[in-house]
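need coordinates for the below:
(2 chains)
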Amino acid sequence: MMKTQVNRVATRGRWIGVLALLGVVTTPLTAPAQTLTATEIVARSQEAFLAAGDDMRARLTMRLINKGGRERLREMTMLRIDLEGGDQKYFIYFHRPGDVRDMSFMVWTYQGRDDDRWLFVPAVKMVRRLAADDSRSSFVGSDFTYEDVSGRDVAADTHRLTGEEPCGDRTCHVVESVPVDDEAEFGRKVSRIDTLTFLPITEEYYDRQGELARVYTAEEIVDVGGHPTAVRRVMTDVKRGHRTEVVFDDVAYDTGLDADLFAERSLRRPPSDWIR
Amino acid sequence: MAGGWSCQVTSRRWGRVTAFVLALLGATVDGGAQELDIHGFVQANYSLRVAEPAPGDPVDDFLLGDHRVQLELGSSSDSGTVRFGSKVDLVHDAVSGEAMLDLRETHITFGRDRYDVTVGRQVLTWGVGDLLFINDVFTKDWTALIAGQPLQYLKVGSDALNTNLYLGPVSVQIVAVPFFEPDVLPRGDRIVGYTPFPGLPVVAELPDRTLRNTELAARLSGYVGGFDVAAYAYRGFWGAPPGIRPDIGRVTWYYPHLSVYGGSLQGAFGSGILSGEVGFYDSRNDAGGRNPAIENSQVRLLVGYQRAFGSDLTVGGQYSAERMLDHDAYRATLPSGFPERPGTRHNLTARVTRTFNYQSSHVSVFFWGSPNERDFFLNPEVRHGVTDEAWVAVGANLFGGTEPHTFFGQFDRNDNLYATVRYSF
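Got it, this is the predicted structure:
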């Protein structure tokens, strides 16, 4: 029963947190970590990684670095709000480079169905829906996919806890996740999830041939208002020798963002007091 | 002025220049405001005619020899409740040897959470079509598209008062445009198109600048069942095609009354994005369709679908139809010798875009054809992002049709190769 429920509820969001917490609370308090199932660990990890606080604001600097060391830079402000039931809304405004400046992007994520995505093209002042393949489409040309940014359904993979091991100066759960269907871009993912903060410290994505394809690492974690936050993140495309480094600045949680802000009007008229 | 340059700054433009300079000064002097943001780009844009000319065609091989710098200024008050934006292009047209100033946008917005009002010259866009516009009857420059300018030059700013109300799930937008500007259409000087009166110069006769000739447009929009849904209404003039009146020694283009009522929806469907739009064009001066110089009343509809395949490929297609409502009357009153149009024009479009090198470059092909009027427009383009700031695009605009008077067939002799280089700052 519990398993079905977790599967149905699917992702990130508050429900995951609630269910995961229930999982903790209903088990003996003396040794909570060991008794979490792999799925509960992944759910808590998504909660910590993608849904900390009720809302978030951050300024992101993204460096796209190719094999030869050549860099491209993207600067954006990201706003996020969590809604009842685990749904989320994201608003992203691009500051740099000049070619995409003033472009803005909005995602409404849902439990168990496809996200809605909008893009504002400033050159022609047009708001349009964006067609994208969640697990494959690159987020603004980076090594991160849309799914990496706004989350992948927990129930889209089967998770297996393979052990616990040191990762840097932390201790991590090692979880292996295999997609349920064959539509995902990866064949297998091995995550090392901090036993204390539940933030993913490394993630290795293997392709369908079993070869290492992409590696995620959290390079720096700081506490922001009680929420451990990965403020430096790197995704490396091992095969192409390309990597994306993201630095989160000015991170703030529970800022009192209004859900009404995540609407077409903000795409056309970005909320200047939030995106400075 | 450099030798050979003539500065085409008309009195109307001077008004815009003054407003621009005042806005600039205001922003610099007012210490309470946020910093002035200055951005823009430098661009060179060339287009070479590759079609065989006919007798009487323009002699220039170049459709574009366009050098410009666009300055974009913007700022807002500390609270964000007042902001301004301005885009001005300084242009040198090497084909004509002229230089000019084009104030593309200059507007001030007052706004809070539940409303905003933008006054000034601004680009207005709505509707869901990909280059097919039904309810968006705001001014467009079709010569820019035909000649190979970047897409943003298809849209021309409207001198408008634009009010938006955000009432929770529903938004209301009301636009008043006191100064009607028709679409920019080929006049045979650089781009040749079909005219029933060859050799005669074209004179445009704009509606009087009276308050009652203010264009009004409204949109009611919301999010319903996963779809963006909107209803539209417009009352104004035919921006294109114009009414045609042969006079002694010239042809006069005039702009009959038009109202448009319609709706649109767009949302996720299957693995892609579904779009639909419909509009009723009420040609108010063409009672019963018996005036052949004016467009018939019409119904226009559009269905489109777009989806992504893998990480770098996007494919989209559209079907649209434009149906004349009084085709029999149109046929009965059409002067002899004039080509007859079918009651319904069917359009099919396809767009394929493949991105490369982490989306910094792309190859795209856009096709727009009519199966029943047998004409087409084909636009392949390659764009390479040299750095974050600079890109180079090379493409072609190819037109054709079995009849020389059809929508695209008439531009057959304007086939061109174009190149654009832009550096943004």
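
next, count neighbours for residue A:196.
The local packing of residue A:196 (other C-beta atoms under 10 Å in any protein chain shown) involves 10 other residues. For every residue, glycine as well, the C-beta is placed using N, CA and C.

give me the pLDDT value at it.
At residue A:196 the predicted local distance difference test score is 94.

helix/strand/coil for it?
Assigned by DSSP: H, G, I helix; E, B strand; the rest coil, the conformation of residue A:196 is coil.

can you pull out the helices in chain A?
A:2-9, A:13-25, A:32-35, A:38-50, A:146-150, A:264-268, A:272-275 (DSSP state H).

ok, of the ones you listed, where does mean pLDDT dip lowest?
When I compare the helices of chain A, helix A:2-9 is least confident, with a mean of 37.

now residue A:100: closest residue in space that isn't a chain neighbour?
residue A:94 (4.7 Å; C-beta to C-beta, 6 or more residues apart in numbering or on different chains).

swap that for residue A:214, please
residue A:205 is the one closest to residue A:214 (C-beta to C-beta, 6+ apart), at 4.2 Å.

how much space between residue B:243 and chain A?
28 Å (C-beta to the nearest C-beta, to the nearest Å).

what residues are up against residue B:325?
B:289, B:296-299 (C-beta atoms under 8 Å, 6 or more residues apart in numbering or on different chains).

ok, so what distance separates it from residue A:257?
49 Å (C-beta to C-beta, to the nearest Å).

surely residue A:110 meets residue A:87?
Yes - assessed by C-beta atoms under 8 Å, residue A:110 is found in contact with residue A:87 at 5.3 Å.

ok, back up a step: ok, now which ones touch the residue nearest to residue A:100?
Here residue A:94 is in contact with A:74-76, A:100-105, A:140 (C-beta under 8 Å, 6+ apart).

run through the bridge partners of it.
Bridge pairing for residue A:94 (DSSP bridges) gives the partners residue A:76.

show the pLDDT at it.
With respect to pLDDT, residue A:94 has a value of 95.

distance check, it against residue A:146.
16 Å.

of the contacts of residue B:325, list those near chain A.
Contacts with chain A are made by none of these, judged by C-beta under 8 Å from any C-beta of the partner chain.

of all those residues, which comes closest to residue B:259?
For the contacts of residue B:325, the closest approach to residue B:259 (C-beta to C-beta) belongs to residue B:297, at 9.4 Å.

how far away is the closest one from chain A?
27 Å.

surely that residue meets residue B:285?
No - counting by C-beta under 8 Å, residue B:297 does not reach residue B:285; the two are 10.4 Å apart.

C-alpha coordinates for the helix or strand where residue B:166 lies, CSV please?
Using DSSP states H and E, residue B:166 sits within strand B:158-167. Output of strand B:158-167 as CSV, limited to C-alpha atoms (Å, rounded to 0.1, in the frame of the first residue of the first chain):
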residue,chain,number,x,y,z
SER,B,158,2.6,50.6,-32.5
ASP,B,159,2.2,54.0,-31.0
ALA,B,160,-0.2,52.8,-28.4
LEU,B,161,-1.7,52.9,-25.0
ASN,B,162,-1.6,49.4,-23.7
THR,B,163,-3.5,48.5,-20.5
ASN,B,164,-3.3,45.2,-18.8
LEU,B,165,-5.4,43.9,-15.9
TYR,B,166,-4.5,40.7,-14.1
LEU,B,167,-7.6,39.4,-12.4
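
show me what contacts the spatially most central residue of chain B?
Ranked by distance to the mean C-alpha position of chain B (C-alpha atoms, centre = their mean), the top residue is residue B:140 at 2.7 Å. Applying C-beta under 8 Å, 6+ apart, we find residue B:140 in contact with B:133, B:154-156, B:183-184, B:239-240.

go again with 7 Å.
By C-beta atoms under 7 Å, 6 or more residues apart in numbering or on different chains, the contact set of residue B:140 is B:154-156, B:183.

ok, which pair from the residues you listed is furthest apart?
B:155 and B:183 (10.7 Å).

who's more crowded, the two?
residue B:155 (22 against 19).

quickly list what the more buried one is bridged to.
Under the criterion used (DSSP bridges), residue B:155 bridges to residue B:140.

need the residues of chain B near chain A, please.
Counting by C-beta under 7 Å from any C-beta of the partner chain, the residues of chain B close to chain A are B:39, B:41, B:76, B:79-80, B:83, B:109, B:111, B:116, B:123-125, B:151-152, B:155, B:164, B:166, B:171, B:226, B:266-268, B:272-273, B:306-308, B:310-311, B:314, B:358-360, B:388-389, B:391, B:424-425.

so where do the helices sit in the stretch 1-150 of chain B?
B:11-29, B:142-147 (DSSP state H, counting those that start in this stretch).
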